[in-house]
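**Student:** Provided below for reference: sequence and predicted model.
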Amino acid sequence: MTDRLQSVDRLLERREAISDLGDALRLLIEHATATEAPTEELRRAAERIRQAAGPLGERIRERTEVAAADDLLGGVRMYNPVIGRGSALAPPVHVESSNGVAVGTCTLGLAYEGPPMYAHGGVSAMLLDQMLGHAVTSSGKPGMTVQLDTAYRKPVPLMTALRLTAEVSQVEGRRVTAVGAIATAERPDEVLVTATGLFVALRAEQAQRLFGPVMRPRAS
Ligand SMILES: CCCCC/C=C\C/C=C\C/C=C\C/C=C\CCCC(=O)SCCNC(=O)CCNC(=O)[C@H](O)C(C)(C)COP(=O)(O)OP(=O)(O)OC[C@H]1O[C@@H](n2cnc3c(N)ncnc32)[C@H](O)[C@@H]1OP(=O)(O)O
């Protein structure tokens, strides 16, 4: 096998391991949130979890370093808090996008609870910001969110398959507007939350100022 193929293999293997760890962490969070186990069990679990965390902390990256398994320009972000398979915070949302339109699916567990039985409003806003971002990026004009307006029409049920949608609605120079919605997979026409987001494409000097360290090629 060529070196390049071997390194692609290693990268894919690492992403798989990251996803596996993410799945384990999500299970842990969901159980830790839902548990009514005896208090002593909670204390034992805390100790075991601290032990498991130790070795992971032995080699860590700085804020200015991109994770080795990521591919920024290819849009692979393993630890993104919405879509990252490696992120314990991410449901994760699975997204497909092209030509300014994005469709996503996810199920929120009890860890995302705001009002009893329903999602926290900030979580809905986070999901929609991400969805709008995918729609905008897939339109060929990626940018950063400068404004996000959300309307909460009906509460978003937990432990229920959700369908997330977004599309670009307007492009004016560097400003791109996108609209999106959350519904359940079962009743996709019944809108629960809607959002409108304004995204601004960065000028070269803004990109350099904000992302300079991660735009430089990795020293190997
Ligand atoms: C380079 C590395 C990254 C590479 C990425 C590559 C691939 C990505 C792949 C996949 C990604 C897929 C999906 C993305 C997923 C999720 C997206 C999540 C998005 C976020 O979660 S992102 C975090 C939150 N986001 C911020 O952290 C932004 C903070 N912000 C700023 O850093 C500045 O705001 C900045 C630099 C953006 C602009 O700089 P600035 O503000 O100086 O504006 P500027 O002068 O450049 O003008 C611009 C025009 O926008 C108008 N404008 C500005 N703000 C406005 C507002 N609020 N309302 C109405 N209009 C506004 C102006 O009025 C002017 O309009 P006009 O041109 O008509 O005069």
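**Tutor:** Great, that's in hand.

**Student:** now do the helix or strand residue 170 falls within, average pLDDT.
**Tutor:** Counting by DSSP states H and E, the element that carries residue 170 is strand 161-172. For strand 161-172, mean pLDDT is 98.

**Student:** check which element follows it along the chain.
**Tutor:** strand 175-184.

**Student:** quick check: residues of this protein near the ligand?
**Tutor:** Proximity of the chain to the ligand (CB under 6 Å from any ligand atom) is limited to residues 72-73, 75, 129-130, 133-134, 137, 142, 144-147, 173-175, 198, 200, 202-203, 206-207, 211, 215. In this view, the C-beta of every residue, glycine as well, is placed from N, C-alpha and C.

**Student:** how about 8 Å then?
**Tutor:** 72-75, 77, 80, 82-83, 97, 129-130, 132-134, 136-138, 142-147, 172-175, 198-200, 202-203, 206-207, 210-211, 214-215 (CB under 8 Å from any ligand atom).

**Student:** from these, keep the buried residues only.
**Tutor:** Listed as buried from these are 77, 80, 82-83, 97, 129-130, 132-134, 136-138, 143, 198-200; burial here means 16 or more other CB atoms under 10 Å.

**Student:** centroid-nearest residue for this structure?
**Tutor:** residue 82 (1.7 Å; CA atoms, centre = their mean).

**Student:** who's in contact with it?
**Tutor:** 90-93, 126-127, 129-130 (CB atoms under 8 Å, 6 or more residues apart in numbering).

**Student:** which of those sit farthest apart?
**Tutor:** Farthest-apart pair in the contacts of residue 82 is 92 and 129; separation 14.9 Å (CB to CB).

**Student:** the residue in the chain that the ligand sits nearest to sits in which helix or strand?
**Tutor:** Nearest to the ligand, among the residues of the chain, is residue 133, at 2.4 Å (CB to the nearest ligand atom). Using DSSP H and E, residue 133 sits in helix 121-138.

**Student:** please apply the same query to residue 47.
**Tutor:** Using DSSP H and E, the element containing residue 47 is helix 39-56.

**Student:** output the longest helix belonging to the chain.
**Tutor:** Longest helix of the chain, by residue count under DSSP state H: helix 3-34.

**Student:** buried sites along that one?
**Tutor:** 15, 18-19, 22, 25-26, 29.

**Student:** mean confidence for it?
**Tutor:** 95.

**Student:** how far does it sit from the chain's center?
**Tutor:** Offset of helix 3-34 from its chain centre (CA atoms, centre = their mean, to the nearest Å): 15 Å.

**Student:** likewise for stretch 137-155?
**Tutor:** 14 Å.

**Student:** quote the end-to-end distance of that stretch.
**Tutor:** End-to-end distance of stretch 137-155: 28 Å, with CA to CA, to the nearest Å as the criterion.

**Student:** now do the helix or strand harbouring residue 102: which elements does it pack against?
**Tutor:** Under the criterion of DSSP H and E, residue 102 resides in strand 101-107. Judged by 3 or more CB pairs under 8 Å, 6 or more residues apart in numbering; DSSP states H and E, strand 101-107 is in contact with strand 94-98, helix 121-138, strand 161-172.

**Student:** give me that answer again for 10 Å
**Tutor:** strand 94-98, helix 121-138, strand 161-172, strand 175-184 (3 or more CB pairs under 10 Å, 6 or more residues apart in numbering; DSSP states H and E).

**Student:** including distance to residue 38, could the ones you listed go into TSV?
**Tutor:** As requested, these are arranged in TSV below (distance: least, CB to CB, whole Å):
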stretch	distance to residue 38
strand 94-98	36
helix 121-138	30
strand 161-172	33
strand 175-184	35
